[in-house]
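Novice: Quick check, what structure comes out for this input:
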Amino acid sequence: MRVHGVLESPRWALRAFALLFASLLCLVPWADTAAAHGSIVNPGARAYSCHERWGGDHMNPAMQQEDPMCWQAWQDNPNAMWNWNGLYRNGVGGNFRSAIPDGQLCSGGNAESGRYRSMDAVGPWKTTKIGNNFTMSLYDQASHGADFFQVYVTKQGFNPATQQLTWGSLELVKTTGRYAPAQNISFDVSAPGRTGNHVVFTIWQASHMDQSYYLCSDVTF
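Specialist: Next comes the predicted model:
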């Protein structure tokens, strides 16, 4: 029996090491898409903002009380936050309303895959304070450029803490022209007649291929 025990112990050690390695692997941020794409960083889109506030401390239980919407997002799929600049669709061909159903705008219609579905959650997302005339800023690590940006803002009376975001709840307030490839792109937007909490929904049509990004920024006018 002692011989059996000696022979078996290395096997158990290897199994334990494999389980430990697999557990640690789940905590490693995946950088495949995060290394190649972009997002609205001011006013920050949801995944970007959650990563900015908690990326260095995402296991902190205080997040549940201090930032409950980011907490549910980190719990649901931390890779969505590590890949905060990978929320896109390929081959939509400009048919955004057909490709992105109501209730899935903030996940870019990716809710079924599960990766970004937490971005569609209704609740008290932390907001950025802005004026009715404000500047949108994109960080594009890969310098894709843009065919255009479309910026929508929720209509006055919409409550993002209790209502699902739909196309009907939005008003198109800005369509830009083309932008040459650059890591940082900014443009001005005007959304008059709004007060309180709103959602700014931005579609970024990248120039390098038919690749469109769908980005929800929570704001207070």
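Novice: quick one, helices of this structure?
Specialist: Using DSSP state H, the helices of the chain run over residues 2-27, 46-54, 63-66, 68-76, 78-82, 96-99.
Novice: Which one of the ones you listed has the poorest average confidence?
Specialist: Ranked by mean pLDDT, the helices of the chain bottom out at helix 2-27, with a mean of 40.
Novice: Ala99 versus Val41, what's the distance?
Specialist: For Val41, the distance to Ala99 (Cβ to Cβ, to the nearest Å) stands at 24 Å. To be clear about C-beta, it is placed using only N, CA and C from the backbone, and glycine gets the same treatment.
Novice: Compare the two (neighbour count), which wins?
Specialist: Val41 (20 against 16; other Cβ atoms under 10 Å).
Novice: Touching, that one and Met136? I think so.
Specialist: No: taking contacts as Cβ atoms under 8 Å, Val41 lies outside contact range of Met136: 9.3 Å.
Novice: so where's this protein uncertain?
Specialist: Applying pLDDT under 70 to the chain flags the ranges 1-36, 112.
Novice: in it, which spans are strands?
Specialist: 38-42, 88-90, 128-129, 133-140, 146-154, 170-175, 184-190, 197-206, 211-220 (DSSP state E).
Novice: need the contact list for Thr175.
Specialist: 148-151 (Cβ atoms under 8 Å, 6 or more residues apart in numbering).
Novice: whoops, I mixed them up, Trp71
Specialist: 63-64.
Novice: Would you mind writing the CA trace of stretch 185-193 as PDB?
Specialist: Taking Å, rounded to 0.1, in the frame of the first residue of the first chain, the C-alpha atoms of stretch 185-193 are listed here in PDB:
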ATOM      1  CA  ILE A 185     -11.200  61.100 -32.700                       C
ATOM      2  CA  SER A 186     -13.400  63.800 -31.100                       C
ATOM      3  CA  PHE A 187     -16.500  65.600 -32.400                       C
ATOM      4  CA  ASP A 188     -19.100  67.900 -31.000                       C
ATOM      5  CA  VAL A 189     -22.800  67.000 -30.400                       C
ATOM      6  CA  SER A 190     -25.800  69.000 -29.400                       C
ATOM      7  CA  ALA A 191     -28.900  67.500 -27.700                       C
ATOM      8  CA  PRO A 192     -31.100  70.500 -26.600                       C
ATOM      9  CA  GLY A 193     -34.100  70.300 -24.300                       C
END
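Novice: Contacts for it next, please.
Specialist: Under Cβ under 8 Å, 6+ apart, the answer for stretch 185-193 is 132-138, 140, 146, 149, 151, 153, 156, 171, 173-174, 176, 179, 198, 200, 221.
Novice: Please identify the buried residues of that stretch?
Specialist: Neighbour-count burial for stretch 185-193, counted by 16 or more other Cβ atoms under 10 Å, picks out 185, 189, 191.
Novice: Which single one of the residues you listed is nearest to His37?
Specialist: Ile185 (13.4 Å; Cβ to Cβ).
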